[in-house]
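Q: What follows is a predicted protein model with its sequence.
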Amino acid sequence: MQATNNILLIRPSNFGFNNETAISNSFQKKVNGNESELKKLVLAEFDAFASVLKTNGINVFVFEDTNFPEKPDAVFPNNWISFHADGTVIIYPMHAHNRRKERRQDIIEAIKKNFNITKLIDFSGYEKQNKYLEGTGSIVFDHKNKIAYASLSPRTDKGLFLKLCDQLSYKGICFYSFDKSGKEIYHSNVMMCIGENFAVICLAAINDEKEKEMVFNNLTASGHRVIDISFHQMENFAGNMLELKGGTKKNILALSQSAFKCLATSQKQQLAQSVELVPLAIPTIETIGGGSARCMIAEIFLPVL
């Protein structure tokens, strides 16, 4: 099952520009403005985001961020946890010290009330070895075909990625990708998205021709229609999208308005063959946080109690 209709969101308390993550995340941008006004904007964007997804038939489990300790990136929970269809929960090691505070046992306990958790894999201890693997930011899962893709970076350790793939019995495919300036792309999920039968990817970001061919061939061999996006489209988060199971027969594709606007008509038509595109207005979160719609969502594939 590639898409679920159960998701976890975190409503942020202290969202802001994270200086620690900005070192490796070129998508982040500082915005001048009144702090309280920015907070109002962010909360309005978040609440509308959750509301639109609910309207489209998604079961949204919203947890309030705690005020202390302050966590500027709490709105992106997919980096510290993932929930799998066999009952497995995975906790991930985080690169930024101030992001490690996002991990919350109380959220896992609350999820247990509705879903069956049978196994916990906790990789957070690898932080002591300076090894990191930031959830479904680092890993783009093709659950249907049991394949996982990872663009290696300071936040995505090759050894840990392959170790996790081995534990999940997934085929692991790793490669390097770079932005226009030649900097390693910080997370795999900003340059590629895998749906039930399509894959959106910025192939130009993969410099090594053999790696590019390997990724493309694996995507097509597993039955995905590949939709290639440009650097400009990737910079506008067109790779940071997520297919979800909505309330109708057709699944939805959660994406930001900026991603929607930069897609060509032909690309939208290709996607619309499989999913209904649902644009979500999150410009402040995208700009300051350097993450988009997919980053805000932790899918829950766990068996329902």
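A: That came in fine, so what should we check first?
Q: where along the stretch 101-250 of the chain do the helices fall?
A: Across the stretch 101-250 of the chain, reading from the start of the chain, the helices by DSSP state H, counting those that start in this stretch fall at 105-112, 135-138, 158-168, 209-221, 231-235.
Q: Now tabulate the ones you listed in TSV and tack on distance to residue 273, mean pLDDT and mean neighbour count.
A: Any C-beta I mention is one placed from the backbone N, CA and C, and that applies to glycine too. Supplementary listing: these in TSV, determined by distance: least, CB to CB, whole Å; pLDDT from 0 to 100; neighbours: other CB atoms under 10 Å:
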stretch	distance to residue 273	mean pLDDT	mean neighbour count
helix 105-112	34	98	13
helix 135-138	25	98	26
helix 158-168	30	98	16
helix 209-221	16	98	15
helix 231-235	19	97	18
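Q: right, and the ones you listed - which one's nearest residue 85?
A: Evaluated with CB to CB, the helices of the stretch 101-250 of the chain place helix 158-168 nearest to residue 85, the distance being 10.6 Å.
Q: Quick one: distance of the closest one to the chain centre.
A: When distances are taken as CA atoms, centre = their mean, to the nearest Å, helix 158-168 is centred 18 Å away from the chain's centroid.
Q: Quick check: the residue nearest the centre of the chain vs residue 70, distance?
A: Central residue check for the chain by CA atoms, centre = their mean: the C-alpha nearest the mean position is that of residue 295, 3.6 Å away. For residue 295, the distance to residue 70 (CB to CB, to the nearest Å) stands at 19 Å.
Q: cool, and residue 102?
A: Relative to residue 70, residue 102 is positioned 11 Å away (CB to CB).
Q: okay, those two: which has more neighbours?
A: Taking neighbours as other CB atoms under 10 Å, residue 102 and residue 70 compare with residue 102 leading, 23 against 14.
Q: ok, now which ones touch the more buried one?
A: 10, 71, 73-74, 77, 79-80, 94 (CB atoms under 8 Å, 6 or more residues apart in numbering).
Q: With residue 281 as the reference, measure out to residue 168.
A: Counting by CB to CB, the gap from residue 168 to residue 281 is 35 Å.
Q: Also residue 228?
A: The span separating residue 228 from residue 281 equals 26 Å under the rule CB to CB.
Q: picking that back up, which residues touch the nearest residue to the residue nearest to the centre of the chain once chain neighbours are set aside?
A: Counting by CB to CB, 6 or more residues apart in numbering, residue 76 is the residue found nearest to residue 295 once chain neighbours are left out, at 4.5 Å. Residues near residue 76 by CB under 8 Å, 6+ apart: 10, 137, 289, 291, 295-296.
Q: do you know how far residue 76 is from residue 286?
A: Residue 76 is 11 Å from residue 286, where distance means CB to CB.
Q: Among the contacts of residue 76, name the ones in strands.
A: Helix and strand membership here follows DSSP state E; of the contacts of residue 76, those in strands are residue 10.
Q: What is the nearest of the contacts of residue 76 to residue 35?
A: residue 289 (15.1 Å).
Q: Next, the buried residues of the top helix by length along the chain.
A: Criterion DSSP state H: the longest helix present in the chain is helix 35-55. Applying a neighbour-count criterion of 16 or more other CB atoms under 10 Å, one finds 38-39, 41-42, 45-46, 49-50, 52-53 buried in helix 35-55.
Q: Same question for stretch 63-79.
A: 63, 65-66, 71-79.
Q: Retrieve the pLDDT associated with residue 14.
A: At residue 14 the predicted local confidence, pLDDT, stands at 85.
Q: go on, residue 203?
A: Listed pLDDT for residue 203 reads 98.
Q: measure it to residue 258 for me?
A: Separation of residue 203 from residue 258 (CB to CB) stands at 21 Å.
Q: Would you mind telling me which of those two has the busier surroundings?
A: Using other CB under 10 Å, the more surrounded residue of residue 203 and residue 258 is residue 258, with 22 against 17.
Q: residues in contact with the more buried one?
A: Taking CB under 8 Å, 6+ apart as the definition of contact, the neighbours of residue 258 are 236-237, 283, 286, 292.
Q: Just give the nearest non-adjacent residue to residue 8, would you?
A: Nearest non-adjacent residue to residue 8 (CB to CB, 6+ apart): residue 298, at 4.2 Å.
Q: list the contacts for the residue nearest to residue 282 when sequence neighbours are not counted?
A: Nearest-residue entry for residue 282: residue 45, 4.8 Å, with adjacent residues in sequence omitted and distances by CB to CB, 6+ apart. Residue 45 makes contacts with 281-285, as judged by CB under 8 Å, 6+ apart.
Q: and residue 45, what pLDDT?
A: In the predicted model, residue 45 carries a pLDDT score of 97.
Q: do the one 5 residues further on as well
A: What the model reports for residue 50 is a pLDDT of 98.
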